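Student: Quick one: sequence plus predicted model below, questions after.
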Amino acid sequence: MPEKVANIAKNTSYFTLALILQKAISLIYFTWYARALGPADLGKYYFAISLTTIFSIFLDLGLTNLITREVAKDKSVATKYLGGALALKTILSLGTIAVIAGLVGWGHYDPLIADLVWVSAISMLLDSVTTLIFAFSRAFHNLKYESISSVASQAVTLLVSWLVFATHGNLVALMWAQVASSAFAFVYAIITVAGRWHLSLKPTWNWQWLSKLLILAWPFGLFAIANRAYGYFDSLLLFYFKNDLAVGIYQIPFKINLALQFLPAAFVASLYPALSHYWHNQKDQLGKTFQRAISYSLILAMPIGIGIAATAVPLTELFKTSYTQAIWPLRLTAATIFLTFLSYPLGSLLNACDRQKSNTWNMIITAVVNIILECLFIPPWGVMGAVASDIVAAALLVVLSWKVVRELKIIKLRATAGLFGKVLAASTLMGLVVYYLNSRLNLGVNILCGVLVYGLTLFAFKGFAKEDLISVWQSFKK
């Protein structure tokens, strides 16, 4: 196995393992929150997080993706990029906080919601710097430290949340659990960049360089703005068109979908700098690596989507009977999960191959279409309208991205179509078995049965070989 490919396997394996633990912990405390708070208070809590999450992109404006790509090409420019990025972060942070202050004042929010927004904003500021710092670890093809941070910070959230519930704290106190998690990750990132990579944390106030950074980053920034609008505007619109109860119900399919995205996110985190390197140095390896990424996405996305749809009832029962309205939205979200998994490697390839402008326009079009559909669908249909809008938008993004990827002429559609048929057949059989066993086995055992059925069936259909499993196992030992 070539060194670069082996490094992708190693980083993907460890980062995937870390994100499995991270998302498992986050699902534990989300389930805890949902059961303890109920849909209405849960809706208030996540409305505040959704609002600050959308604004957090104005703290970055594409700098993180730009730095990962450029430093992956030439590591000698790392200090220069970090100094400029920290200076821009300082300016952007002041502007973003001013905008949030104006919005909170203009919106005349309930005092509780206003307090939740302000506490969440602290977490937003810390997370923004942490993400920037770990962009350098990704550029250096080392995801070890980010992996440790992602698990440990979620453990901090779980611990502080337990303390809040144990002392009968309120919603605002619970939001401080997120701040504690962000503060831990921030300090760990600072120690990492100074101690491991020996990079200076001093901002560089060179206005010519800062202007150039903004110009270079703007395609990534527009993409990120559109991506956040596409991902989080639904909660805001549900709050404005409906109520906090609808936001709380919507969090069940939304959080399960978001939690599962660790799989493509982990792979892309390692894949992106390698694709950037191949595009400029080894184009013959580019197509092979991307083909493996698409295959990986198909093999994982299809069974997860169908499995979620088949187990929607017992999954919803993990919360309370007050969340039964989330069953059908969760079933429909299965389609969004499948399409989202495919969009990750497609977008990563476009960015790596200097097609970030195309990627940006694709996301802008998708976000605009999604928001328009949500404005049309949410008033009459509520949560179901939000989910339906997500499905249409996710399909549109995949189609637009695939169109640009085909212009690069690096992937054979016939090979992908053949694998798609095998994965669909194995996933459908798994879904039928799991649905039949819903009332006969508990959820955990049923999921294990589904994994076994899918794995054996796909292996019988030659969807993957024994060598693929050996390669993944060996990547953990390196």
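Tutor: Everything's here; your move.

Student: where along the stretch 201-350 of the chain do the helices fall?
Tutor: 207-241, 244-260, 262-281, 283-310, 312-316, 327-352 (DSSP state H, counting those that start in this stretch).

Student: and residue 379, how many neighbours?
Tutor: By other CB atoms under 10 Å, 12 other residues sit near residue 379. Backbone N, C-alpha and C define where each C-beta goes, glycine included.

Student: Please name the residues that touch it.
Tutor: 241, 385 (CB atoms under 8 Å, 6 or more residues apart in numbering).

Student: do you know which of the helices of the stretch 201-350 of the chain lies nearest residue 195?
Tutor: Smallest distance to residue 195 across the helices of the stretch 201-350 of the chain (CB to CB): 21.5 Å, for helix 262-281.

Student: Where does the prediction get shaky in the stretch 151-300 of the chain?
Tutor: 197, 266, 269-270 (pLDDT under 70).

Student: coming back round to it: and of the helices of the stretch 201-350 of the chain, who's closest to residue 139?
Tutor: Of those, the one closest to residue 139 (CB to CB) turns out to be helix 262-281, at 5.7 Å.

Student: List the buried residues of the closest one.
Tutor: For helix 262-281, the neighbour count (16 or more other CB atoms under 10 Å) marks 262-279 as buried.

Student: Next, the angle helix 327-352 makes with it.
Tutor: 20 degrees (axes from the mean of the first three to the mean of the last three CA atoms, to 10 degrees).

Student: count of residues packed around residue 323?
Tutor: 22.

Student: What residues of stretch 434-441 count as buried?
Tutor: Those would be 434, 435, 437, for stretch 434-441 by 16+ other CB under 10 Å.

Student: repeat for stretch 318-325
Tutor: Buried residues in stretch 318-325 (16+ other CB under 10 Å): 319, 322, 323, 325.

Student: likewise stretch 381-396?
Tutor: 382-396.

Student: Now the nearest residue to residue 314 once chain neighbours are set aside. Its backbone dihedrals?
Tutor: Using CB to CB, 6 or more residues apart in numbering and skipping residues adjacent in sequence, the residue nearest residue 314 is residue 443, 4.5 Å away. When read as degrees, to the nearest 10, the backbone of residue 443 gives phi -60, psi -40.

Student: Would you mind measuring from residue 443 to residue 424?
Tutor: As judged by CB to CB, to the nearest Å, residue 443 and residue 424 stand 24 Å apart.

Student: Ok, residue 190 next?
Tutor: 47 Å.

Student: what does residue 354 give?
Tutor: Residue 354 is 34 Å from residue 424, by CB to CB.

Student: okay if I get the buried residues of stretch 434-441 as a markdown table plus pLDDT?
Tutor: Output for the buried residues of stretch 434-441, formatted as a markdown table (pLDDT from 0 to 100):
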| residue | pLDDT |
| --- | --- |
| 434 | 94 |
| 435 | 94 |
| 437 | 93 |
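
Student: How many residues are close by the residue nearest to residue 314?
Tutor: If you count neighbours by other CB under 10 Å, residue 443 ends up with 16.

Student: list the contacts for it?
Tutor: Residue 443 sits next to 311, 314, 315, 318 when contact means CB under 8 Å, 6+ apart.

Student: For those residues, which PyMOL command selects only the ones that are buried?
Tutor: Entered in PyMOL, the line below selects the buried ones among the contacts of residue 443, by 16+ other CB under 10 Å:
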select buried, resi 311+314+315
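
Student: now, which of the contacts of residue 443 sits nearest residue 248?
Tutor: Using CB to CB, the contacts of residue 443 come closest to residue 248 at residue 318, 14.9 Å.

Student: Show the pLDDT at the closest one.
Tutor: Per-residue pLDDT puts residue 318 at 83.

Student: who's in contact with it?
Tutor: Residue 318 neighbours (CB under 8 Å, 6+ apart): 31, 443.

Student: switch to 7 Å and redo it
Tutor: Going by CB atoms under 7 Å, 6 or more residues apart in numbering, residue 318 touches residue 31.

Student: how far away is it from residue 390?
Tutor: Per CB to CB, residue 318 is found 22 Å from residue 390.

Student: Also residue 281?
Tutor: Using CB to CB, we find residue 281 at a distance of 38 Å from residue 390.

Student: And for residue 48?
Tutor: Applying CB to CB to residue 48 and residue 390 gives a distance of 21 Å.

Student: Next: residue 177.
Tutor: Residue 177 sits 28 Å away from residue 390, going by CB to CB.

Student: can you check residue 148 too?
Tutor: Taking CB to CB as the measure, residue 148 falls 32 Å from residue 390.

Student: go on, residue 68?
Tutor: Distance of residue 68 to residue 390, computed by CB to CB: 27 Å.

Student: Likewise for residue 131?
Tutor: 24 Å.

Student: ok, now residue 271?
Tutor: On the measure of CB to CB, residue 271 and residue 390 end up 24 Å apart.

Student: What of residue 139?
Tutor: 32 Å.

Student: same thing with residue 384?
Tutor: Residue 384 is 11 Å from residue 390, by CB to CB.

Student: again with residue 440
Tutor: Distance check for residue 440 against residue 390: by CB to CB, it reads 32 Å.

Student: Please apply the same query to residue 62.
Tutor: Computed as CB to CB, the residue 62 to residue 390 distance reads 24 Å.

Student: The stretch 1-150 of the chain: helices as residue ranges?
Tutor: Using DSSP H, counting those that start in this stretch, the helices of the stretch 1-150 of the chain run over 3-56, 63-73, 78-107, 111-139, 144-166.

Student: can you count the residues close to the nearest residue to residue 125 once chain neighbours are set aside?
Tutor: Counting by CB to CB, 6+ apart, residue 125 lies nearest to residue 93, which is 5.8 Å off, once chain neighbours are set aside. By other CB under 10 Å, the residues close to residue 93 number 17.

Student: phi, psi of residue 242?
Tutor: The phi/psi pair for residue 242 (degrees, to the nearest 10) is phi -120, psi -110.

Student: State the mean pLDDT of stretch 116-124.
Tutor: 92.

Student: Quick one: distance of that stretch to the chain centre.
Tutor: Relative to the chain's own centre, stretch 116-124 is displaced by 20 Å; criterion: CA atoms, centre = their mean, to the nearest Å.

Student: Alpha carbons of it, as PDB, please.
Tutor: Provided in PDB are the C-alpha atoms of stretch 116-124 (Å, rounded to 0.1, in the frame of the first residue of the first chain):
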ATOM      1  CA  LEU A 116     -29.200  30.700  26.300                       C
ATOM      2  CA  VAL A 117     -28.100  32.500  23.200                       C
ATOM      3  CA  TRP A 118     -25.400  34.500  25.000                       C
ATOM      4  CA  VAL A 119     -24.000  31.500  26.800                       C
ATOM      5  CA  SER A 120     -24.000  29.500  23.600                       C
ATOM      6  CA  ALA A 121     -22.100  32.400  21.900                       C
ATOM      7  CA  ILE A 122     -19.200  31.900  24.400                       C
ATOM      8  CA  SER A 123     -19.000  28.300  23.200                       C
ATOM      9  CA  MET A 124     -19.100  29.500  19.600                       C
END
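
Student: Name the residues that touch it?
Tutor: In contact with stretch 116-124 (CB under 7 Å, 6+ apart) are residues 44-45, 48-49, 51-52, 55-56, 97, 100, 104, 171-172, 175-176, 178-179, 182.
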